[in-house]
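Here is my input, please return the structure:
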Amino acid sequence: MEREPLEITYPADLPVSQRRDDIAEAIRDHQVVVVAGEPGSGKTTQLPKICLELGRGRTTYRKARDGKKRPRGGLIGHTQPRRIAARSVAERIADELGQPLGQQSVVGYQVRFTDRTSADTRVKLMTDGILLAELQRDRMLWRYDTIIIDEAHERSLNIDFLLGYLKRLLPRRPDLKLVITSATIDVQRFSEHFADRDGTPAPIIEVSGRTYPVEVRYRPLMELPEDDDEGEVVQRDQTEAIVDAVRELAAEGPGDVLVFLPGEREIRDTADALEDAAGSLRGAGGGVEVVPLYSRLSAAEQHRVFAPHTGRRVVLATNVAETSLTVPGIRYVVDTGVARISRYSLRTKVQRLPVEAVSQRRDDIAEAIRDHQVVVGAGEPGSGRSTPLPKICLELGRGRTTYRKARDGKKRPRGGLIGHTPPRRIAARSVAERIADELGQPLGQQSVVGYQVRFTDRTSA
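Residues are numbered from 1 along each chain as shown. Predicted coordinates for the structure are as follows:
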């Protein structure tokens, strides 16, 4: 049965829609394209539609060695770092194309334990782990003619494996197109990694995000009461502080509130506290609805965040709502400043999710280091600047050995180290141990992190 032609339209309010001709031209003329866009630019939902409009996602046939024709292509693979993002993005794309989701539709998704694809599927949303698992059965990825690696800046182990494998696969699959999207400030590294045989970096298409005026209010958990003669610091409970912040925002006017929390336990505790305080949090037009959002929830419970509602809604989410999906109707954001970050511990050989402080100025610092030779920063004690700074430099590609030609014609090594100078020996040791632990590295031998103080040298090649 002949398929009805797809009616592809692009929302005019999305910044990526203004650049769709440039993106389409780059995809058509190059094997690898890097799309740099801020969250909310619309790149996640509109890129598959651009590929469909270019005629990607169609099955072709090649003659195999045994003389038989074998199918090639037919799918646009679109990876997401989280299951909830794969499901919600698939639903959004299917809705914009006027298609059902799954059976007899051009849009489907596959996550662990759930496969909503069919023979009609042309756009397949999936987690990066699903695509990595498919490589065991299909080393050449013959089922795909286009791969979109979304949120590549998260640099998880799965994403790094995929980027490394695709780098080797592309010369053997000249018909395969690769689109990499990233919200990072350092997209040049992706571009250079996928340079062609002539050394020309992959083209970069930059898409601006939608920006709105933002007022930032700091409500520290540690307070020093003015009437306290002893000068003791009062540590506020995080849950109580969130309730106070939501109560303060409720007085500002209508609008939903998004609260970032590190994990499921904190979300449950905060939800209970907000339910108890619901009487003082009522918004215009109705009561207060508290909606949790994290990866372990069922699909039906996760969809509550997208359902229409009256009154005020308070969404309690992990960092899944930071870049993986866009929560509608949000006017206020409460950020606790901590999140669970995936870390691999080389010592224990396990993947960990420690709660770490989230740097507020990380992107500004990285941009300043990249664009200037000298950067001067100031921060109060406890701001956490000692451990993130070396990691930011590593992400920018610093600490790599380069070679220069000396006067005698021989190549001499230059660079290769990021020097970090805490003022005391105990600080040097403790900071080195903290950085090594956060990077999942041992300390000293066969590690990227070492330290040297008087009488002790724990560095290596």
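
Got the phi and psi for the residue nearest to residue 37 when sequence neighbours are not counted?
If the residues on either side of it in the chain are set aside, residue 37 comes closest to residue 207, at 3.7 Å by Cβ to Cβ, 6 or more residues apart in numbering. For every residue, glycine as well, the C-beta is placed using N, CA and C. Note on residue 207: backbone dihedrals following degrees, to the nearest 10 are phi -120, psi 130.

now swap in residue 193 and tell me
According to degrees, to the nearest 10, residue 193 has phi -60, psi -30.

same check, this time on the one 10 residues further on
Note on residue 203: backbone dihedrals following degrees, to the nearest 10 are phi -70, psi 150.

quick one, what contacts the residue nearest to residue 37?
Residue 207 makes contacts with 15, 16, 19, 35, 36, 37, 38, 41, 42, 43, as judged by Cβ atoms under 8 Å, 6 or more residues apart in numbering.

measure the closest residue to residue 252 other than its chain neighbours to residue 357 for me?
Computed as Cβ to Cβ, 6+ apart, the closest residue to residue 252 that is not its neighbour in sequence is residue 332, at 7.3 Å. Distance from residue 332 to residue 357, counting by Cβ to Cβ, to the nearest Å: 22 Å.

So between these two, which is more surrounded?
Shown here are residue 332 and residue 357; by other Cβ atoms under 10 Å, residue 332 has more neighbours (19 against 15).

just to revisit the earlier point, out of the contacts of residue 207, which is nearest to residue 182?
Set against residue 182, the nearest of these by Cβ to Cβ is residue 36 (5.8 Å).

looking at it, residue 104 is touching residue 119, isn't it?
No. Counting by Cβ atoms under 8 Å, residue 104 sits too far from residue 119 to count as a contact (9.0 Å).

if you count what's nearby, which of the two comes out ahead?
When neighbours are counted by other Cβ under 10 Å, residue 104 and residue 119 differ, and residue 104 comes out ahead with 12 against 8.

Just to be sure, the more buried one is in a strand?
No. Counting by DSSP: H, G, I helix; E, B strand; the rest coil, residue 104 is located in no strand; its state is coil.

Could you find the closest non-adjacent residue to it?
Nearest in space to residue 104, with sequence neighbours left out and distances taken as Cβ to Cβ, 6+ apart, is residue 120 at 5.5 Å.

ok, that neighbour - contacts?
Residue 120 neighbours (Cβ under 8 Å, 6+ apart): 3, 103, 104, 105, 106.

same thing with residue 134?
Per Cβ under 8 Å, 6+ apart, neighbours of residue 134: 141, 143.

where's it relative to residue 374, distance?
48 Å.

Show the backbone phi and psi for the residue nearest to residue 104.
Backbone torsions for residue 120, taken as degrees, to the nearest 10, come to phi -90, psi -10.

Tell me who's in contact with residue 294.
Taking Cβ under 8 Å, 6+ apart, we find residue 294 in contact with 263, 264, 267, 317, 318, 320.

what does residue 27 give?
33, 50, 51, 54, 56, 177, 179.

who wins for neighbours among those residues?
The most crowded member of those, judged by other Cβ under 10 Å, is residue 179 (28 neighbours).

Check which helices and strands the helix or strand hosting that residue is in contact with.
Following DSSP states H and E, one finds residue 179 within strand 177-182. The contact analysis (3 or more Cβ pairs under 8 Å, 6 or more residues apart in numbering; DSSP states H and E) places strand 177-182 against strand 32-37, helix 43-53, strand 144-149.
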